[in-house]
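Participant: what's the 3D shape of this:
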Amino acid sequence: MELEPLKPSLLEPEISVIIPVLHEGDRIGACLAHLAQIAEQIPYEVIVSDGDPQDSTLSRLPDGTQNLVPVRSPMGRGAQLNAGARVARGKVLLFLHVDACLPPRALHQIQETCLEAVGGAFDLAIASPRLSLKGIAKVASWRSRLTRIPYGDQAIFLRREIFEQVNGYPDLPIMEDVALMQRLKRGQYRLKILPEAVTVSARRWEKEGILRCTLRNWSLITMYFWGVHPNVLVRWYRPQSALSTSHEKSSQGRDSAL
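Facilitator: Reported below is the predicted structural model:
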C-alpha cells in the first residue's frame, strides 16, 4: 500500500517530534492530540516512524493534518528513530514514546534549553498511584542526573546538527538510547535534565509485574556496562526473539525506565 503524502506545514518547524511506533494505532491519536494541546504557537512537525510492514499505525493517522509526516522503517527503535530524523526539518529533534505525555510548555522549554546546551531530557513520572512505581520514577530521575545518561522514555531532545555529528542512534537491537548518550559524553557535549517530568504509561510494569520488570531492566543495563553486547542482551529482554537475525524480531527495544 502506498501512503498518500500528508500536507506539509505552512511554517518551517522549529521542532521535529519523532515517534517510533509498532502496533500503536489505538494510542497514536491521543499522542498527537496531546502535542497539539501543549504546542502553543511553536511551529512543529510530528514524524511517525512505523516499524510494522503492514502500516498498522500509519493507517490510523488522521487525514489532512498539516504537520504530520508518515515514515516506514525497518523494525527496531534505533532504526525507526534514525529513519524519522533523516526526513526531519526542525532545528531540534525530540524523540518521544507514543505513550508519554510531555509537561505543559515542554516545547518552549526545549527551545530555551537548546540555546545553552546541545539538548537534554526531562525527569520521569509514571502514570500510576502505586508507591513502588513512583519510587522507580524517582530513582530513574536521580540516576539520569548523576550519570548524565537519560533514557528514551525521558523524551530526549537534541539540536539536529549535533545528532548528525554523532551519526545518530547506533544500529543496535537494544540500548540504543544509552549508546547515543555515551557518544555524546565522549564528544563532551553538555545535556541538561529538566526538572519537569514526562509522564509515561505504566502498561509495561502492569503487564510484566513490577518486580520482574525492574530487576530485568537493572540486570540488562548492568550487563551492558560490563561489556555484554546488545545482540546478546536482547535475548534476555525478549527470549522469544533469540533466534531472530538483526532487528526484525527485537520489537521496540527497552520500553521502561531502569
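Participant: by residue count, what's the longest strand in the protein?
Facilitator: strand 191-200 (DSSP state E).
Participant: and that strand, average pLDDT?
Facilitator: For strand 191-200, mean pLDDT rounds to 96.
Participant: tell me how far it is from the chain's mean position?
Facilitator: Computed by C-alpha atoms, centre = their mean, to the nearest Å, the chain-centroid distance of strand 191-200 equals 13 Å.
Participant: same check, this time on stretch 42-57
Facilitator: Offset of stretch 42-57 from its chain centre (C-alpha atoms, centre = their mean): 12 Å.
Participant: tell me the secondary structure for the nearest residue to Leu32 once chain neighbours are set aside?
Facilitator: Distance criterion C-beta to C-beta, 6 or more residues apart in numbering; nearest residue to Leu32, sequence neighbours excluded, is Val46 at 6.2 Å. Where you see a C-beta, it was placed from the backbone N, CA and C, and this is true even at glycine. What DSSP: H, G, I helix; E, B strand; the rest coil gives for Val46 is strand.
Participant: what pLDDT does Val46 get?
Facilitator: pLDDT at Val46 comes out at 97.
Participant: same check on Glu112?
Facilitator: On pLDDT, Glu112 comes in at 97.
Participant: just the one 4 residues further on next, same as before
Facilitator: Note on Glu116: pLDDT of 94.
Participant: same check on the one 3 residues further on?
Facilitator: Per-residue pLDDT puts Gly119 at 97.
Participant: and it, bridged to which residues?
Facilitator: Assessed by DSSP bridges, Gly119 has beta-bridge partners Leu158, Leu191.
Participant: which residues touch the nearest residue in space to Gly25 that is not next to it in sequence?
Facilitator: In space, not counting the residues next to it along the chain, Gly25 is nearest to Arg60; the distance is 3.7 Å by C-beta to C-beta, 6+ apart. Applying C-beta atoms under 8 Å, 6 or more residues apart in numbering, we find Arg60 in contact with 25-26, 28-29.
Participant: ditto for Phe95
Facilitator: 18, 20, 81, 152, 155-157 are the contacts of Phe95 under C-beta under 8 Å, 6+ apart.
Participant: endpoint to endpoint, stretch 55-70 covers what distance?
Facilitator: 10 Å (C-alpha to C-alpha, to the nearest Å).
Participant: please identify the buried residues of that stretch?
Facilitator: 57-58, 60-61, 65, 67-70 (16 or more other C-beta atoms under 10 Å).
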